[in-house]
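Enquirer: sequence first, predicted coordinates after that:
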Amino acid sequence: MVVFALPSSLRYAEMANPPSHQPLQGLSPREVDRIVAESFVEQVEYHAELDSTNSRALQIAHEETSCGGVTLVFAESQTAGRGRGENRWWSGPGALTFSLLLPGEHLSLSTGEWPTTSLIAGLAVGEAIGQFVSGETAMVKWPNDVYLRGRKVCGILVEATSGARGMLAIGIGVNVNNSLAEAPDELASSAIAVCDVARCEVSRVDLLIAILQRLEKYLRELGSGDIRWQEHWRKRCLLTGRAVQLDAHGGRLVGICRGIDGDGALVLETEAGLTRCLSGVIAHFE
Ligand code: BTN
C-alpha cells in the first residue's frame, strides 16, 4: 500500500499518482484541513476505494499506526461494506462512507458504554441531517439505523478491538447525494438519500463536519454521565408506540415499544410486562 503523508494530516492511500493541490473525486486537501480544524478528528486517511472502512479502521488499530487520537477513515466507495450480522452495505457515488477510530480511553468512555455509541452516532447523524432538510426529523431506529420519511438514510456499525488498548471503530454510511429516486422499487421504497428530501445536492463535507461535531459532544456527555437521553428519544425514537418484533438470545420478543431508557435499552411492553432489551435485531415493526 502506498501512503502519502501530507502536512494537512491527510494520508492518500493506494493511489499511484497522489494529487498535489487538485481535489480528488471527493475530498480536497482543503476540505480535509477543514475536517481536522473543525472537529475532533486528528488524522484523515482517504481512499478512493476500500473493501470496508471499518475493516481498515480495525486494521489500523491492530497495527497501532494511529495517531493516538481520533482517526477518520474515509472511502469514496466500498467493495465489501459491512453491516450488523450478515448485512452488507451498498452505496453508490455521492454517499458518505467513513469510520472513526477512537482509543477506548478517549473522552472517558468506559467499555460498558461502548455499545451505546451506535445510538449516540444515530443521534448525531439524525440531528446533523436535520440541518439540511428543514421541517423534517430524522429518526433513530434502535439500535443502529437512521430513518428519514420512513426510509433508511443511514446505517451504523460499531466494532471494537479487545486487549489492554481497546479501540472503537464507529462506521457510518449515509445516503447523501446518491439519490434513490431511480433505484429499483424494492430499494426506492425502503431507502432514501438526503438529497431526495433536500431537493438539491448537499455538501458531504458540511454534513460530515456537522455529524462529527455532534458526535464529539454526545460522546463527551456520555463519558461524563451528562447525556439527556429522555429529551433526545422523546423526539427521535422511530419505534416508540409501534408494534415491534425483536430477535435476541435465540428467541423472539413481541411488544409495543415504550421508548429507550437511560442505559440505551429498548423498552418493550410485552405480555410479561415491561422488558428492557440491551441487544438484539429488530425483525419487524409496524
Ligand atoms: C447496517 O445497516 O447494518 C449498518 C451499515 C453500516 C455501513 C457503514 S459504511 C461505513 C462503515 N464501513 C462498513 O463496512 N460498514 C460501515
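Expert: Yep, that arrived. Numbers count the residues shown, from 1 in each chain.
Enquirer: only C-alpha atoms from now on, for both contacts and neighbour counts.
Expert: Will do.
Enquirer: so where's this protein shaky on pLDDT?
Expert: By pLDDT under 70, the weakly predicted segments of the chain are 1-25, 64-67, 107, 163-164.
Enquirer: show me what from it comes close to the ligand.
Expert: Neighbours of the ligand within the chain, by Cα under 6 Å from any ligand atom: 52-54, 81-84, 87, 89, 97-99, 155-157, 171-173.
Enquirer: inside strands: which ones of the residues you listed?
Expert: 97-99, 155-157, 171-173 (DSSP state E).
Enquirer: my read: E136 touches E127, true?
Expert: No. Judged on Cα atoms under 8 Å, E136 makes no contact with E127 at a distance of 10.3 Å.
Enquirer: just the helices in the chain please.
Expert: 29-38, 53-63, 117-130, 185-188, 194-198, 204-224, 229-236 (DSSP state H).
Enquirer: tabulate the ones you listed (JSON lines), appending mean neighbour count.
Expert: Compiled in JSON lines, the helices of the chain are given as follows (neighbours: other Cα atoms under 10 Å):
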{"stretch": "helix 29-38", "mean neighbour count": "17"}
{"stretch": "helix 53-63", "mean neighbour count": "21"}
{"stretch": "helix 117-130", "mean neighbour count": "25"}
{"stretch": "helix 185-188", "mean neighbour count": "12"}
{"stretch": "helix 194-198", "mean neighbour count": "20"}
{"stretch": "helix 204-224", "mean neighbour count": "19"}
{"stretch": "helix 229-236", "mean neighbour count": "15"}
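Enquirer: where's A57 relative to A75, distance?
Expert: Taking Cα to Cα, to the nearest Å as the measure, A57 falls 11 Å from A75.
Enquirer: hang on, the earlier thing: return the members of the residues of the chain next to the ligand classed as buried.
Expert: 52-54, 81-83, 89, 97-99, 155-157, 171-173 (16 or more other Cα atoms under 10 Å).
Enquirer: which one among these gets closest to W114?
Expert: Using Cα to Cα, the shortest approach to W114 within those belongs to L157, at 11.8 Å.
Enquirer: show me what the residue nearest to that closest one when sequence neighbours are not counted bridges to in the sheet.
Expert: Among residues not flanking L157 along the chain, G171 sits closest, at 5.0 Å (Cα to Cα, 6 or more residues apart in numbering). In this entry, G171 is beta-bridged to S99, L157, by DSSP bridges.
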